[in-house]
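# Pasting a predicted model and its sequence here:
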Amino acid sequence: MSLIRLPLFRLVLIYSGLFALSTLLLFAFIYWQTAVVETQRVDEQLLHDATYLSHLQPDSLRDAIDSRVMPDFRRVPHAGLFSAEGSRLAGNLPLPQAMEFDGKVHRVEVPDVNLTIRAVGFRLPDGTRLLIGRNVESLDNLQVVVIHALELGFVPAILLALGAGALASLRTRRQLQMVHETAERIMKGDLRERLPTHGGGDDLDRLVVSVNHMLDEISRLMDDMKAVGDNIAHDLRTPLTRVRARLERARDTVSTLEEWHETVDRAITGLDQALRLITALLRIGEIEGRRQAAFEPVAMEMIVREIAELYEPFAEERGLCFGIEISESATILGDRDLLCELVSNLVGNAVKFTPAGGSVRLVLGQGSGGPVLQVIDTGPGVPPEQRELVFKRFYRSDASRSVEGYGLGLSLVDAIAKLHGFMVTVEDNRPGAVFTLRCGRFQ
């Protein structure tokens, strides 16, 4: 790939052009300072001095020119006083042929003494003419030196900018080539590969680090998908194997219509278990793919009361003490149906795992960041090492092995919480567990 075709190198060319333009503007400013501003300063000084001298009496004027201007009085080394006919009465300047005595500063060539001066002339009331000037050869030389220096410095500056840009482009090109080659290997299936960094901490390195984090997350998700697939196959195989075995046994042994009905009913029950598993997985996928566009203000107090009214009879049947505590009415932004499902799953788990004689409580209060809902039970609890695992799909702790289920309820809770930007955690109640949902308040 040609260097000049690299977008980065083209960008360097653009920046070099802008640098060249800014350098030209800087040079123009320096020249203007030396050529224009300094000339204006000289002209202002000449006008000031000429005005001062023009107001002196004739005798004092001649004395000032002869005795004080000659040794550079007020920084004016050249002066002359001329009669109306043009003869010099005082001073060290001959009368220039093209000089205009109009009170304005002119650039004047004085060939008799080989001088180039900035000069101003006044016609005095007695007919004499006053001329004062200053040698500007040094100013002209300064301008020439500045222009020459600028000409010498401009080309190296541009070449330096282009060279630095080319080196940066080549360096970045090598880095991008390494990234491209690694990305090719990743796309071919080697998900253990990671993009290389050069340790400079620049934007490219930060981008590479972000992409590597993304690859880590993709790898983790793929591992989770593989584990989910294995779990699905395992959990589906059991009911389907039972269904198949029952149907094969019925084919060989069943002889009456009632026995066929019983066999079909058992097969339907086994298939329903498989369908419930698939439905739960589809529900989680649907929730994770939802957007927040349809969110609306939701009163958490109403949700808590509805779920409590729904589960209180089941809790009483199991011999549990069920109660709610609402310390503050809270309104949040979210999907009401999903939030009902979230709270229902938490309360259902608490009722299901809490043994008779225990208690389940729903507590709605206000935290530092917004509403906080807690579901507190006195069941077996969740060991510290399993408190993150319980939210993964198909995970079932030892305490839940004997209870019917697929290990998807808390995964559903976690998916709904993440969709809303909430956080759900589990802590120890000693005995039992405390599931806490931290929400943001809707403004």
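Yes, it's here.

# Relative to residue 302, how far out is the residue sitting furthest away from the middle of the chain?
In the chain, counting by CA atoms, centre = their mean, residue 85 sits farthest out from the average C-alpha position, at 81.4 Å. Separation of residue 85 from residue 302 (CB to CB, to the nearest Å): 114 Å. Where you see a C-beta, it was placed from the backbone N, CA and C, and this is true even at glycine.

# picking that back up, model confidence at the residue farthest from the centre of the chain, what's the number?
If you check residue 85, the pLDDT there is 83.

# In a helix, it, correct?
No: looking at residue 85 with DSSP: H, G, I helix; E, B strand; the rest coil, it is coil, so not inside a helix.

# For it, give me phi and psi.
phi -80, psi -10 (degrees, to the nearest 10).

# gap between it and residue 95?
In terms of CB to CB, residue 85 sits 10 Å off from residue 95.

# Kindly provide the whole-number mean pLDDT of stretch 58-65.
Stretch 58-65 comes out with an average pLDDT of 79.

# same thing with stretch 91-107?
pLDDT averaged over stretch 91-107 gives 83.

# Quick one: distance of it to the chain centre.
Relative to its chain's centre, stretch 91-107 lies at 67 Å (CA atoms, centre = their mean, to the nearest Å).

# Can you give me the neighbour number for residue 295?
Using other CB atoms under 10 Å, residue 295 has 17 other residues around it.

# so it sits right up against residue 334, yeah?
Yes: Residue 295 lies in contact with residue 334 (CB atoms under 8 Å); the separation is 5.3 Å.

# and for these two, which residues touch both?
The contact sets of residue 295 and residue 334 overlap at residue 420 (CB atoms under 8 Å, 6 or more residues apart in numbering).

# so residue 325, which of the three states?
Strictly by three-state DSSP, residue 325 counts as strand.

# Poorly predicted segments of the stretch 251-400 of the chain, please.
273, 276-294, 387, 393-400 (pLDDT under 70).

# Go again with 50.
The model of the stretch 251-400 of the chain has pLDDT under 50 over residues 399-400.

# Break down it into its helices, ranges please.
Taking DSSP state H, counting those that start in this stretch as the test, the helices found in the stretch 251-400 of the chain are 257-288, 300-317, 336-353.

# among those helices, which is nearest residue 137?
helix 257-288 (84.2 Å; CB to CB).

# mean confidence for the strand or helix carrying residue 24?
For residue 24, the host element (DSSP states H and E) is helix 7-32. The average pLDDT for helix 7-32 rounds to 71.

# Stretch 412-420 now?
81.

# Give the buried residues for it.
412, 413, 414, 415, 416, 417, 419, 420 (16 or more other CB atoms under 10 Å).

# of those, closest to residue 61?
For the buried residues of stretch 412-420, the nearest to residue 61 is residue 420 (95.5 Å; CB to CB).

# residues in contact with the closest one?
Neighbour list for residue 420: 292, 295, 332, 333, 334, 335, 338, 339, 439 [criterion: CB under 8 Å, 6+ apart].

# measure it to residue 332 for me?
Taking CB to CB as the measure, residue 420 falls 8 Å from residue 332.

# tell me, what's touching those two both at once?
Both residue 420 and residue 332 are in contact with 339, 439, where contact means CB under 8 Å, 6+ apart.

# how about the CA coordinates for stretch 44-63, as PDB?
The C-alpha trace of stretch 44-63 is given here as PDB (Å, rounded to 0.1, in the frame of the first residue of the first chain):
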ATOM      1  CA  GLU A  44       6.100  60.100  14.200                       C
ATOM      2  CA  GLN A  45       9.400  61.100  15.800                       C
ATOM      3  CA  LEU A  46      10.400  63.100  12.700                       C
ATOM      4  CA  LEU A  47       7.100  65.000  12.700                       C
ATOM      5  CA  HIS A  48       7.400  65.700  16.500                       C
ATOM      6  CA  ASP A  49      10.900  67.000  16.100                       C
ATOM      7  CA  ALA A  50      10.100  69.100  13.000                       C
ATOM      8  CA  THR A  51       7.100  70.600  14.700                       C
ATOM      9  CA  TYR A  52       9.300  71.500  17.700                       C
ATOM     10  CA  LEU A  53      12.000  73.200  15.600                       C
ATOM     11  CA  SER A  54       9.500  75.000  13.400                       C
ATOM     12  CA  HIS A  55       8.200  77.000  16.300                       C
ATOM     13  CA  LEU A  56      11.600  78.400  17.300                       C
ATOM     14  CA  GLN A  57      12.700  81.900  16.400                       C
ATOM     15  CA  PRO A  58      15.000  82.200  13.300                       C
ATOM     16  CA  ASP A  59      18.100  82.800  15.400                       C
ATOM     17  CA  SER A  60      17.300  80.100  17.900                       C
ATOM     18  CA  LEU A  61      16.500  77.700  15.000                       C
ATOM     19  CA  ARG A  62      19.900  78.200  13.300                       C
ATOM     20  CA  ASP A  63      21.700  77.800  16.600                       C
END
